[in-house]
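S.K.: Predicted structure and sequence below. I'll ask about it afterward.
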Amino acid sequence: MEFIEFLDQKEIEIIRIIEKAGYSTTENTSLCLLSEKFVGFFKKKEKKIIICTANAKKKEAYSLIRSKNNSDQFERTSIHIKKALRHEAVHVAQECNGGNLLDIKRKLSMNPAKNEALKGSINISGEEAKERQAYILEDKPKLLKKELEKYCL
């Protein structure tokens, strides 16, 4: 799977936890064709995370051609893919918690820049609170890893 090339060690550890919990990851399925703006999906019944690597690359005009500008495009593409994986992993943790929100004691808030993406996610899932929590935790890989371990292992 190509998206693995864009991940850091934290995301690899998240994938290992997800796999131990019985979930899998795949990429560029037909769901990714819904819109180029989507970079990830969670298929609850199939216990599967889908990463839309092609969409992330297209968003950032990333190509395999080596050029001075391409390292910046790689980084931006990598950020999209890592956040998508972490976002969908939050939904895995929520499922491991009986389909409920994660019980996080700290007060956390979502970056307002994510409001448009939140609306798109709510249109698909219909679950505002879960999507909001996923958008908050996609920027907190250490906390997400801890929550996955707490609820899924």
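M.R.: Thanks, I have it.
S.K.: Return the set of buried residues in stretch 144-153.
M.R.: For stretch 144-153, burial by neighbour count (16 or more other C-beta atoms under 10 Å) applies to Leu144, Lys145, Glu147, Leu148, Glu149, Tyr151, Cys152. Glycine gets a C-beta too; all of them are placed from N, C-alpha and C.
S.K.: Ignore what I typed, I meant stretch 133-143.
M.R.: Gln133, Ala134, Tyr135, Ile136, Leu137, Glu138, Asp139, Lys140, Pro141, Leu143.
S.K.: In helices, which of those fall?
M.R.: Cross-referencing the buried residues of stretch 133-143 against helices under DSSP state H gives Gln133, Ala134, Tyr135, Ile136, Leu137, Pro141, Leu143.
S.K.: which residues touch the last one?
M.R.: Right, the one you point to is Leu143. Listed by C-beta atoms under 8 Å, 6 or more residues apart in numbering, the contact partners of Leu143 are Ile104, Leu137.
S.K.: Which stretches in this structure count as helices?
M.R.: Assigned by DSSP H, the chain shows helices spanning 9-20, 53-59, 70-96, 115-125, 128-137, 141-152.
S.K.: What is the nearest of the buried residues of stretch 133-143 to His80?
M.R.: Glu138 (10.6 Å; C-beta to C-beta).
S.K.: How much space separates the closest one from Thr29?
M.R.: 20 Å (C-beta to C-beta, to the nearest Å).
S.K.: Between the helices of the chain, which one is closest to Asp103.
M.R.: Nearest of these (C-beta to C-beta): helix 141-152, 9.0 Å.
S.K.: before we move on, the earlier item: just flag the most distant two among the buried residues of stretch 133-143.
M.R.: Gln133 and Pro141 (14.7 Å).
S.K.: Could you list which residues are in contact with the closest residue to Thr29 other than its chain neighbours?
M.R.: Closest residue to Thr29 apart from its sequence neighbours, by C-beta to C-beta, 6 or more residues apart in numbering: Ile50 at 5.1 Å. Neighbouring residues of Ile50 by C-beta under 8 Å, 6+ apart: Thr25, Thr26, Glu27, Asn28, Thr29, Leu31, Cys32, Gly40, Phe41, Phe42, Lys43, Glu88.
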